[in-house]
Every structure is written in structure tokens, then in C-alpha cells.
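Colleague: Any chance you could fold what I've pasted below:
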Amino acid sequence: MSDKSPRVDGAQPPATLDDPHLLPSAKNPKRMEALAALAMLIGMAGFAAFIVVYWINASNYWESATLGIGMLGLGVGVIAWGKYLMPQGPFVEERHDFHSTDDERTAFNAAITGRGGLEVKRRKLLLGIFAIGGGIMTLALIVPGVRSLGPKPAKSEDTEGPVENSLFTTNWKKGSKLATVSGRLVQVDDLEVGGVLTVFPQGFEGSSPDQVILIRLAQLGPNDPPYPIAPPGKTSWGVQGYVAYSKLCTHLGCPVGLYQERTQQLVCPCHQSIFDVNAGCIPQFGPAPRPLPQLPITVDPTGQMRANGSFDQAVGPGFWERP
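Modeller: Residues are numbered from 1 along each chain as shown. Reported below is the predicted structural model:
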């Protein structure tokens, strides 16, 4: 402003409640309040649904859809509240001396407090819904971090007996049938020499901790000498030229799915750890600290391939309780 702008001395009274600047811009505030509340309720439902679908490990499409609905609903409700139900302004104060008197400061504080408190009190419904919605949104942001921690490590079956949901155990048992991810049972003649196949215990197809890579290293019959596997691998755990190893890399749990037939090595595509199939999948290169656990396998009289037991150690990367 120029120096010729009018100056007003003394404390200025706060605006009256019927001042048009203090009125909301919505023509029908009650209807707008109901729409804003509905939008925030939809957002709350979206966040609650996201918590459920993430906890049960549902499809990524459902996770993104429910989280998007939650953010959109709560955002629309808050924006509608601020744009259409708050005082529309503008608020202009005449220029006066920069130094304020005690009376002026008291009047200003009273005006700000009164206006803000009035709006909050008038919109108790929206305030309550927003508070609940914000709490659910916070919970929705916390749950993925907690849920992604995975199962709590349990003691080994050797000391505690069978334990469900343990990092030490899998669903492989003696007699488990080898099945593909589609559920097809694996027969001994399914693979040629150099062939590989990802298999699971029947009934647990697609389970990450249970995934095993089956490799045929030689064309051997039931009466031929077993294919030799150097320590720490076990020759007796193979059958008719087949060997089976956990597919979870011992570095960070990536799927070790690349097989180099000429060198008979498994390669992790994430960080290029290389494992020697003929020596119990001991790591030869890369950050993997341990060999891939070997699964004992056998063939029943019908030619069906089965597990002859479970792994003798925990699969995947290390964790605090692992010996």
C-alpha cells in the first residue's frame, strides 16, 4: 500500500457472524456436508478393505483398488469440506500502525479463536468422520509393514516337534508327491537330460517357501548306479539321475531359476550367485553365503516322483534365530 492509505487507530472489532465473508460458498451447506461425510465414509471403507486384502495376501489388483478408493474418498471429503463449507473470504484488514496495542492483540486472538472454534463446532460430524478415517488410514499404512515381516521364527522341529508357520520348516514331507504349479503330478520320464522343472508338494502349489527346482543330470534307470553328488550334497538323495534343491536363494530369497546345462550350475538372476549342482549347490560366486538345501526324492513303483523326506535345514536367506 502507499503512504496515503487510510489508517485506522484502535482495536478493530471481529467480523459479525452474518458477515458474507464468513459464510460457506455452498448454496446448500447441509447437502454438501452430507456428501463430504459420504465421501469420507467411502474412504474409510476402502482403507479397511485394504487392510483385509493385504493381510490375506490377496491380488495386487485388489490392494491397489482398495487403497486408491480409500485415498480418493478421504481426499474428496476433506477437499469438499475445505472448499465449500469453510468461510469463503477474502479477509482484508485496513492498514494500521505495525505496533499493536494490547487491546488489538486481544481482539485479534479472540476473533481467530472464535471463528475457528465456530467452524469446528458446526462440523462435528465431519470432524469425527475425518478423525476416524485418518486413524484407519494410519492403520492401513502400518499394517503392510507388520504383515510383510512374515512368520515369527519358531524352534526347530528337532527340539519342538512339528511347528506350523515356522521359518525352519516347509510343507515337504516323506511321501509328498511332486507337482507343477498347475497341479500336474511329475513322472520320472517327464524330463530329458538337462531339463529343469519347478515343483511343489501336492496341495501346496505356488507356495514360495516350498518351491523346488528339479534337474535331470543323467539318463539313469532304476537299476543303474546313482548319479554321484559331491559333499555337502548327498548322492543317496537323488534318484535315476534327478536331483532337487530349494529354489530360494540363500542370499535374499530370490528364485534361483536359471540353469546352465554345460557347466551344470544354477544362477540366481537377482545378484548373480552361482551354485554347483554337482556339489550340493555350494555357492561358487556371488553373495550367497550357504548352499541351496537339497530335497531327498524317490520314485514309486508307478513312476510317480515323491519326496523321500524334508529339507535338513531352513530354506532361503538367514535370520536371527538360525543356528
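
Colleague: Give the helix, strand or coil label for the closest residue to residue 196 other than its chain neighbours.
Modeller: Leaving out its chain neighbours, the residue that sits closest to residue 196 by CB to CB, 6 or more residues apart in numbering is residue 259, at 4.7 Å. The way it works is simple: take the backbone N, C-alpha and C, and place the C-beta from them, glycine included. Under DSSP: H, G, I helix; E, B strand; the rest coil, residue 259 falls in the strand class.

Colleague: just residue 69 next, same as before
Modeller: Following three-state DSSP, residue 69 is assigned to helix.

Colleague: Can you say which helix or strand has the residue nearest to it when sequence neighbours are not counted in it?
Modeller: Leaving aside its sequence neighbours, residue 69 sits nearest to residue 46 (CB to CB, 6+ apart; 3.3 Å). Residue 46 belongs to helix 29-55 when assigned by DSSP states H and E.

Colleague: List the buried residues of that helix.
Modeller: For helix 29-55, a neighbour-count test (16 or more other CB atoms under 10 Å) marks 32-33, 35-37, 39-51, 53-54 as buried.

Colleague: now stretch 253-260
Modeller: So, applying 16+ other CB under 10 Å, buried residues of stretch 253-260: 253, 254, 256, 259.

Colleague: Over to stretch 238-254?
Modeller: Buried residues in stretch 238-254, counted by 16+ other CB under 10 Å: 238-251, 253-254.

Colleague: quick one, what contacts the residue nearest to residue 196?
Modeller: The contact partners of residue 259, taken as CB atoms under 8 Å, 6 or more residues apart in numbering, are 194, 196, 213, 215, 265, 266, 267, 277.

Colleague: One more: residue 55?
Modeller: Applying CB under 8 Å, 6+ apart, one finds that residue 55 lies in contact with 143, 147.

Colleague: Over to residue 51?
Modeller: Shown in contact with residue 51 (CB under 8 Å, 6+ apart): 136, 139, 140, 143.

Colleague: do residue 28 as well
Modeller: Not one residue lies near residue 28 by CB under 8 Å, 6+ apart.

Colleague: Quick check: it vs residue 35, distance?
Modeller: The gap separating residue 28 from residue 35 is 10 Å, by CB to CB, to the nearest Å.

Colleague: One more: residue 250?
Modeller: Applying CB to CB, the value for residue 250 to residue 35 is 55 Å.

Colleague: ditto for residue 290
Modeller: 59 Å.

Colleague: now the helices: where do they sit in the stretch 51-200 of the chain?
Modeller: For the stretch 51-200 of the chain, applying DSSP state H, counting those that start in this stretch gives helices covering 60-80, 102-122, 124-147, 157-160.

Colleague: Got a quick PyMOL command for the buried subset of the contacts of residue 259?
Modeller: In PyMOL, this line selects whichever of the contacts of residue 259 come out buried by 16+ other CB under 10 Å:
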select buried, resi 196+213+215+265+266+267+277
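
Colleague: Taking the contacts of residue 259, tell me the two that lie furthest apart.
Modeller: Largest separation among these by CB to CB: 194 and 267, giving 14.8 Å.

Colleague: circling back to that earlier point, deepest-packed of the helices of the stretch 51-200 of the chain, please.
Modeller: Among these, ranked by average contacts under mean count of other CB atoms under 10 Å, first place goes to helix 60-80 (a mean of 17).

Colleague: Please name the nearest non-neighbouring residue to residue 132.
Modeller: Counting by CB to CB, 6+ apart, residue 132 lies nearest to residue 44, which is 6.4 Å off, once chain neighbours are set aside.

Colleague: from memory that neighbour sits against residue 136, does it?
Modeller: Yes: at 5.2 Å, residue 44 counts as touching residue 136 under the criterion of CB atoms under 8 Å.

Colleague: who touches both of these two?
Modeller: Shared contacts of residue 44 and residue 136 (CB under 8 Å, 6+ apart): residue 70.

Colleague: any low-confidence regions in the stretch 101-250 of the chain?
Modeller: Along the stretch 101-250 of the chain, segments meeting pLDDT under 70 span 111-123, 148-166.

Colleague: picking up where we left off before, as TSV, the buried residues of stretch 253-260 with distance to residue 312 and secondary structure would be great.
Modeller: Shown next, in TSV, are the buried residues of stretch 253-260 (distance: CB to CB, whole Å; DSSP: H, G, I helix; E, B strand; the rest coil):
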residue	distance to residue 312	secondary structure
253	19	coil
254	22	coil
256	18	coil
259	23	strand
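
Colleague: Output those in JSON lines; the columns should cover pLDDT and distance to residue 169.
Modeller: Formatted as JSON lines, those follow (pLDDT from 0 to 100; distance: CB to CB, whole Å):
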{"residue": "253", "pLDDT": "89", "distance to residue 169": "16"}
{"residue": "254", "pLDDT": "91", "distance to residue 169": "21"}
{"residue": "256", "pLDDT": "94", "distance to residue 169": "20"}
{"residue": "259", "pLDDT": "93", "distance to residue 169": "26"}
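
Colleague: Can you tell me which of these is closest to residue 227?
Modeller: Closest approach between the buried residues of stretch 253-260 and residue 227, by CB to CB: residue 259, at 15.5 Å.
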